[in-house]
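[1] here's a sequence, model it:
(2 chains)
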Number of protein chains: 2
Amino acid sequence: MKIAIAQINPTIGDLPGNAQNILELARQAVAEGARLLLTPELSLCGYPPRDLLLNPSFLQAMDIALQQLARDLPPELAVLVGTVEENLRAHKTGEKTLFNSIALLERGRVQQVFHKRLLPTYDVFDEHRYFEPGLEANYFTLDDVHIGVTICEDLWNDEEFWGKRSYVTNPIADLAILGVDFIVNLSASPYSVGKQQFREAMLKHSALRFQEPIIYTNQVGGNDDLIFDGRSFALNRQGEIVCRADGFEQDLVVVEFDEVQRDLRLSSIAPEYESEDEEIWHALVLGLQDYVRKCGFSKVVLGLSGGIDSSLVAALATAALGKENVLGVLMPSPYSSEHSISDALALAENLGMKTHIIRIGELMQGYDKTLVELFAGTEFGLAEENLQSRIRGNLLMAISNKFGHLLLSTGNKSEMAVGYCTLYGDMNGGLAVIADVPKTRVYSICRWLNRNGEIIPQNVLTKAPSAELKPGQVDQDSLPPYDVLDDILQRLIHNHESSAQIVGAGHDPATVDRVINLVARAEFKRRQAPPGLKITDRAFGTGWRMPIASKWTAIKNTYHQVFSVRQ
Amino acid sequence: MKIAIAQINPTIGDLPGNAQNILELARQAVAEGARLLLTPELSLCGYPPRDLLLNPSFLQAMDIALQQLARDLPPELAVLVGTVEENLRAHKTGEKTLFNSIALLERGRVQQVFHKRLLPTYDVFDEHRYFEPGLEANYFTLDDVHIGVTICEDLWNDEEFWGKRSYVTNPIADLAILGVDFIVNLSASPYSVGKQQFREAMLKHSALRFQEPIIYTNQVGGNDDLIFDGRSFALNRQGEIVCRADGFEQDLVVVEFDEVQRDLRLSSIAPEYESEDEEIWHALVLGLQDYVRKCGFSKVVLGLSGGIDSSLVAALATAALGKENVLGVLMPSPYSSEHSISDALALAENLGMKTHIIRIGELMQGYDKTLVELFAGTEFGLAEENLQSRIRGNLLMAISNKFGHLLLSTGNKSEMAVGYCTLYGDMNGGLAVIADVPKTRVYSICRWLNRNGEIIPQNVLTKAPSAELKPGQVDQDSLPPYDVLDDILQRLIHNHESSAQIVGAGHDPATVDRVINLVARAEFKRRQAPPGLKITDRAFGTGWRMPIASKWTAIKNTYHQVFSVRQ
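    Presented below is the predicted three-dimensional model:
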């Protein structure tokens, strides 16, 4: 039996478009001799549909689209499609009103519906908001082959692999007891650095432990802040990879179940990426491309400062959209260095993109003049520094509004963390492309990008980072060196370490406390940031839910420290 | 037995401050002869603590603060304090790692801990993200009185009252079977218009149905977008209100349980508000005051356009912070009408607040000049209109940065819904004070405010609303009349109606489709908006979780409409 994996890239809510995509891949699967087609979790509406699920007319339209798709599909193919099903007993039992479901479509109609059993409600996931967990093991029989069905998180509770349980039940254990021939998993698993290796190791452990071949189907594509990496794969009963689809692209791959050996045969295996830098690059290109496309844009604009952040974003944008669709705007002030212009122009030439130069000196003077009375007797400071950034932000938005280019913001994760960025200034944009990329990683990606020749000008890689908002300013006047800062941030944000633990790892106590305070105080800025492409397991996006008007910082992490502030 | 209700206003994460507040109210309760003190849900850390709960050092500090509070409290008083407890079996069973808990403190230590059983995971609530539901009925015995303990949502599942179940269990039914003498409910229930009447009706039904007196304790205060209204109350066995605390203020009230009658005695009952307008006014004053205070500010700045939105926000700010702490900035352009200045000055005089006038004509010319080359051959349009708004936004932020005044944004819900507002312009601010107040409600609150004499100048109430971004412009050039718009928005956003249903209610089909499209297209603006004070059951805040790059709009609400876009 040949099983095709349709690693599709849906647009959220685009029911006809997504159905059409499934239909086309189904025809292709038939042409390749497949008997069964797998599509990702919620493939009909795209993942995550979020509060569209609260809209009855959306649910009704999805149901109608599913029935129509069943009629349209080739009759010789069984297809698993991700959809939602209403929980008809909800109002009587007090359960949630929907199930996150997989429908088995065959011979023109819905033959069976399976309910997701483990519902993630952490980080970016809100599944308990909408869904009731399914209570029963999901399986079906096709041509005498017994197939177990799991949906995404259903396979993420192997207590042997994790060393703990995250849910009460383990669906794969239930299916193993039932003795299914193999298990399919229909996923929409967002990308983060290194996650694919983790997925493969985890499912290898489960395949071996339960002696079950596993076919893992993942969504691909960017949906707002989330990037889905695809890389669907299959493991045989020995836990060996027998098939892997491409990363960061829609793909259709076929794997065969040998009914005599009762195992999966070796199929095509897409290679792994050579480095994390390469992997992140492809993730960001896809996330950027899909956000622009799915929002209905084709062109983008961004400010080019000659610094490394905007250089990387420009390179990503030209790779994602084509050099003819990217406009770089240079906006030097009297404080800008010569190299800020020459480096930006060199970059633009390397990328083949258009640029404009707009000098902001006169507008700075205009604001100074306008505010002269009100600001009389005050010193040049943060207000004036931010004004420069906000003049640039205004100019970029004017260009965006005038020509219909989506504005990309270029801030990195390190500065988003400590608030080294200007709200309504350089934070402006429809998408914050590298908002989840720490500064040290920005450098390493740029070095990787230059592996076969200069794309990012050498001087951009070697000069001291600077916001150039006053004469001679460099970032390290205000911040610790980026390698120090990024290590503190990793410990604080990803590892939830206390200040004592971070100091214990060798960091200077005053620096640690200062960074912790900066992170807490920048919450109001992050709340108003554009969506940022998520590439780590703890991004400042939909999965970061912090109070703003709060008095807690991780500095006060012992009893005496807590209560000393009462004095 | 006298029971005191401590209706406290905590700051999120301020463990020592919140503990000190509980301690002071406990001493006051003892002075009033109380034997038992009730505090709201999660009173030690404030509600909602959100992702602070993911921080182990925060949990550790809370535990230490709880133990210390137990030692510090008057020994003759039993106190129920809201806290979290670790779920020690979580890693073994796969449950969530925390319980949303109430600790019974008495004689220097924690005597008992109760776990919340019904965990809301809808709208702004994310309790399944952190908590495991408690499985058992919660009660304790104090001086031979049997007291049932429920936490907030635990009392929101009376299937007789609702006509359906929202959770599988009903904790009050369990407690009634156990025959407790009365039931306490420790809540942090956010304000929305009319919610108090709903709460009282619901608990009256439960008191009567289960023949149980109920003492309902609610948090008070503003925490980011959420306003907690207090108005704690008690019902006797007949479902009659015997006590009600103040609205929108910290309060301590005492109710007495008659051990012979086995019922609550009549106590003090704070009056209800005369109108929804009055109630919303008090809610917004508190929300504004607390956001400013808890963020560490004392002064605010806002733009005064002479329009009704900024007039209402100015009135709210002077009421919340004192007139000396509110700076109004008038920023007329060449397109501004005469009355925009005179009305704003009249308002400021009525309120007694300071103003500055900053003319933006020269800056507009500066941008025109700077962009002349790039914009050559294009018409005056959205880009130029937005530039005016963004110049004003920049000036206000410069003042905010220079003088440490928090900037208030003044947009209403109707314009936030349809995107009739400028991102990085008039949307700028630390807090969007009336972002959940529809335009028609803005008018009615202002009329209420003028009930005893003019505060909002009459001309502001009667003139046609205008953004004044081009000569002669009024809002109704671009939008339907606000009474029509607000009714469509109410049906779309609150009632989840389809376009067919909205048209069926008598609205023009083209207008309905246009509004629905505008709402969908403005999602990217709302994502970057400041926190807005929530006063309805469906606000554009932490409880509004919509995709941006989505193709669904409620217009496509029938099968044929869905599939027609495929052509």
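
[2] find the closest residue to chain B in the stretch 151-300 of chain A.
    Using CB to the nearest CB, the single residue of the stretch 151-300 of chain A nearest to chain B is A:Arg165, 3.2 Å away. Glycine gets a C-beta too; all of them are placed from N, C-alpha and C.

[3] who are the neighbours in contact with that residue?
    A:157, A:159, B:91-94 (CB atoms under 8 Å, 6 or more residues apart in numbering or on different chains).

[4] could you pick out the longest helix of chain A?
    helix A:382-403 (DSSP state H).

[5] circling back to that earlier point, how near is the residue of the stretch 151-300 of chain A closest to chain B to B:Ala90?
    Here A:Arg165 is placed at a distance of 8 Å from B:Ala90 (CB to CB, to the nearest Å).

[6] kindly report the same for A:Val285.
    A:Val285 is 39 Å from B:Ala90, by CB to CB.

[7] run a quick neighbour tally on A:Glu385.
    As a burial measure, A:Glu385 scores 19 neighbours (other CB atoms under 10 Å in any protein chain shown).

[8] quick one on the thing from earlier: A:Val285 and B:Ala90: which has the busier surroundings?
    Neighbour count, other CB under 10 Å: between A:Val285 and B:Ala90, A:Val285 has more, with 22 against 17.

[9] the more buried one: which element?
    helix A:276-294 (DSSP states H and E).

[10] for that helix, which positions count as buried?
    By neighbour count on 16 or more other CB atoms under 10 Å in any protein chain shown, the buried set for helix A:276-294 is A:277-294.

[11] equivalent analysis for stretch A:190-210, please.
    Buried, per 16+ other CB under 10 Å, within stretch A:190-210: A:190-193, A:195-196, A:199-200, A:202-207, A:210.

[12] with stretch A:391-411 instead?
    Those would be A:391-402, A:405-411, for stretch A:391-411 by 16+ other CB under 10 Å.

[13] can you tell if that stretch touches chain B?
    Yes: Stretch A:391-411 reaches chain B (CB under 8 Å from any CB of the partner chain) through A:391, A:393-395, A:397-399, A:401-402.

[14] take those residues and write them to TSV, including pLDDT and distance to A:Phe99.
    Shown next, in TSV, are those (pLDDT from 0 to 100; distance: CB to CB, whole Å):
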residue	pLDDT	distance to A:Phe99
A:Ile391	98	52
A:Gly393	98	45
A:Asn394	98	48
A:Leu395	98	50
A:Met397	98	43
A:Ala398	98	48
A:Ile399	98	47
A:Asn401	97	43
A:Lys402	97	47
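
[15] hang on, the earlier thing: which of the buried residues of helix A:276-294 are close to chain B?
    Among the buried residues of helix A:276-294, chain B is touched by A:290-291, A:294 when using CB under 8 Å from any CB.

[16] pretty sure A:Asn157 sits against A:Ala173.
    No: taking contacts as CB atoms under 8 Å, A:Asn157 lies outside contact range of A:Ala173: 9.0 Å.

[17] neighbour count for those two, which is higher?
    Taking other CB under 10 Å, A:Asn157 and A:Ala173 do not tie; A:Asn157 has more neighbours (22 against 16).

[18] how about the nearest residue to that one, chain neighbours excluded?
    The spatial neighbour of A:Asn157 that comes closest, neighbours along the chain excluded (CB to CB, 6 or more residues apart in numbering or on different chains), is A:Tyr167 at 4.6 Å.

[19] what's near enough to touch that neighbour?
    A:Tyr167 touches A:118, A:153, A:157, B:94, counting by CB under 8 Å, 6+ apart.

[20] could you look up the SS state of the second one?
    Classification of A:Glu153 by DSSP: H, G, I helix; E, B strand; the rest coil places it in helix.

[21] how's chain A carved up into domains?
    A:2-272, A:279-564 (automatic domain parsing).

[22] out of these, which gets the lowest mean score?
    Of all the domains of chain A, the minimum mean pLDDT falls on domain A:279-564 (a mean of 94).

[23] look up how far A:Val301 lies from A:Leu330.
    From A:Leu330 to A:Val301 the distance is 12 Å (CB to CB).

[24] neighbour count: the two, which is higher?
    Between A:Leu330 and A:Val301, counted using other CB under 10 Å, A:Val301 has the larger neighbour count: 25 against 22.

[25] and that one, what are its bridge partners?
    Per DSSP bridges, the residues bridged to A:Val301 are A:Leu327, A:Leu407.

[26] quick one: it and A:Leu406 touch, right?
    Yes: applying CB under 8 Å, one finds A:Val301 in contact with A:Leu406, separated by 7.4 Å.

[27] all set, thanks.
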